[in-house]
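Participant: The sequence isn't on hand, but the structure is:
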Ligand SMILES: [Zn+2]
């Protein structure tokens, strides 16, 4: 796919013509360099400060000193290591030696898995990689006394920031793609701003966005997209900005540059891809009882087994059967809020009374247990013990950045925010 000759291309959105931009970028790189992270990430950052382009392959000295030609084959259905050896004219005695050198699970081969090796002068295996993913493999190397040394090999991927911006003429996805932003990144972008902007209804021609996201590279080849580090969305002339921040405990979250949370304390809908089949209505004719009875929740029609998510962080106070509710989960969120999920087919195995749950965590599955006419989720939202319309109630914002995190957050936020300014500035 991509090779290192495309590398300078990833800087094309970089507003190098602006001196302020260059300063912002230097600050940004310094910040990136200072971020605490795994040793693998740090290795990349060191490379980045030395030289950004073309370092991906040069830095991988392991491959650079590889003396012999590397061969590879892909595991087919029904293959064992000996079948693969046979097919590639490799030594049968090496199969036995390698099989006893690697852990047992390395020999459970799956179709599509890649095996690569180099040969000795007499055609035997010098070194072999049983790949688990582009980043992880089981590696054996022939030793001087003709045995095989084993090691679990984890490569450090390089993460490079990418810069892009676009104005919406057709749709976010069409124009975003045209600006070179991968679809998955656009979906994540919509997820970050989804609390403030309804991407199905609110988007207008002339809306625009700027984004800093990571690309993941290995050996000069792009292998995937990483996180969105910062983004700005201008929707109907209102500007929203989001900065990704990983706190001291390693929890990532998005905040405004002022340190307010991008998300709310509750999801508006605890289920995806469902149709609202009955709304909150204090004078509804009950479909089973056939008389006027208040409907104090929102119903979502969905197939049996559709996952149901916890609407907010909280603690499970009930998980079991309860009369007309059937299988029901009740979650307490702080002192004031309670959510209830009824008619479930079953609970997620992690759910028990007293367990803590996180917003978005799957707690169970749609069913039709209790007094129910068909598969649906009955969802209730209570504030201070009073049932409220979950579709209309004003949802509280999640907590702002913690005090102890503030200095580090604001330092990063300032740098990333000025990078966003410069991306937009360079588009004008
Ligand atoms: Zn209902």
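Facilitator: Great, that's in hand. None of the values given here were measured: they were computed from a predicted structure.
Participant: Taking the centroid of the protein, which residue is nearest it?
Facilitator: The centre of the chain sits closest to residue 227, judged by CA atoms, centre = their mean, with a distance of 7.0 Å.
Participant: now it: how far from the ion?
Facilitator: Using CB to the ion, to the nearest Å, residue 227 is found at 38 Å from the ion. Backbone N, C-alpha and C define where each C-beta goes, glycine included.
Participant: Could you do residue 301 as well?
Facilitator: Taking CB to the ion as the measure, residue 301 and the ion are separated by 10 Å.
Participant: thinking again about what came up before, helix or strand right after the helix or strand the residue nearest to the centre of the chain falls within?
Facilitator: For residue 227, the host element (DSSP states H and E) is strand 221-235. Downstream of strand 221-235, the next assigned helix or strand under DSSP H and E is strand 238-246.
Participant: neighbouring contacts of the following helix or strand past that next one?
Facilitator: Downstream of strand 238-246, the first helix or strand assigned by DSSP H and E is strand 252-255. Where contact means CB atoms under 8 Å, 6 or more residues apart in numbering, the residues beyond strand 252-255 that reach it are 192, 227, 242-247, 261-263, 400-401, 409, 413.
Participant: and these, which are buried?
Facilitator: Neighbour-count burial (16 or more other CB atoms under 10 Å) is assigned, among the contacts of strand 252-255, to 192, 242, 243, 244, 245, 246, 261, 262, 263, 401, 409, 413.
Participant: who touches the residue nearest to the centre of the chain in this structure?
Facilitator: Contacts of residue 227 were listed using CB under 8 Å, 6+ apart, and they are 188, 213, 214, 244, 252.
Participant: How many residues are close by the residue of the stretch 251-400 of the chain found nearest the ion?
Facilitator: With CB to the ion, the shortest gap between the stretch 251-400 of the chain and the ion falls at residue 378, namely 3.4 Å. Residue crowding around residue 378 was assessed by other CB atoms under 10 Å; the count is 24.
Participant: One more: the one 5 residues further on?
Facilitator: When counting by other CB under 10 Å, one arrives at 13 neighbours for residue 383.
Participant: Return the helix or strand in the protein with minimum mean pLDDT.
Facilitator: Within the chain, no helix or strand scores below helix 39-50, which has a mean of 32 by mean pLDDT, DSSP states H and E.
Participant: and the two most separated of the contacts of residue 227?
Facilitator: Farthest-apart pair in these is 213 and 252; separation 13.5 Å (CB to CB).
Participant: The two: which has the busier surroundings?
Facilitator: Comparing residue 213 with residue 252 by neighbour count (other CB under 10 Å), the higher total belongs to residue 213, at 25 against 9.
Participant: Who does the more buried one form a beta bridge with?
Facilitator: According to DSSP bridges, residue 162, residue 228 are recorded as the beta-bridge partners of residue 213.
Participant: Mind listing what's buried along the strand holding residue 227?
Facilitator: 222, 223, 225, 226, 228, 229, 230, 231, 232, 233, 234, 235.
Participant: State the pLDDT value of the nearest residue to residue 392 once chain neighbours are set aside.
Facilitator: Residue nearest to residue 392 in three dimensions, not counting chain neighbours: residue 280, with 7.6 Å by CB to CB, 6 or more residues apart in numbering. Looking at residue 280, its pLDDT is 93.
Participant: Start at 297, not 1
Facilitator: Shifting the count to begin at 297 puts that one at residue 576.
Participant: How about the helix or strand where residue 639 lies and the ion, any contact?
Facilitator: Residue 639 is part of strand 633-640, with elements assigned from DSSP H and E. No - looking at strand 633-640 against the ion by CB under 5 Å from the ion, there are no contacts, and the closest approach is 7.0 Å.
Participant: who does residue 432 bridge with?
Facilitator: Here residue 432 shows beta-bridge partners residue 429, residue 450, assigned using DSSP bridges.
Participant: pretty sure it is touching residue 450, no?
Facilitator: Yes - the pair residue 432 / residue 450 is scored as a contact, 5.4 Å apart, by CB atoms under 8 Å.
Participant: tell me which parts of the stretch 547-696 of the chain are close to the ion?
Facilitator: When proximity is defined as CB under 5 Å from the ion, the stretch 547-696 of the chain approaches the ion at 593, 595, 674.
Participant: any chance of those residues in TSV, plus distance to residue 635?
Facilitator: Listed next are those as TSV, based on distance: CB to CB, whole Å:
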residue	distance to residue 635
593	10
595	14
674	11
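Participant: which one of the residues you listed is nearest residue 605?
Facilitator: Taking these together and measuring to residue 605 by CB to CB, the closest member is residue 674, at 15.0 Å.
Participant: name the element that closest one belongs to?
Facilitator: Taking DSSP H and E as the criterion, the element that holds residue 674 is strand 672-679.
Participant: what's the spacing between that strand and its chain's center?
Facilitator: Offset of strand 672-679 from its chain centre (CA atoms, centre = their mean, to the nearest Å): 28 Å.
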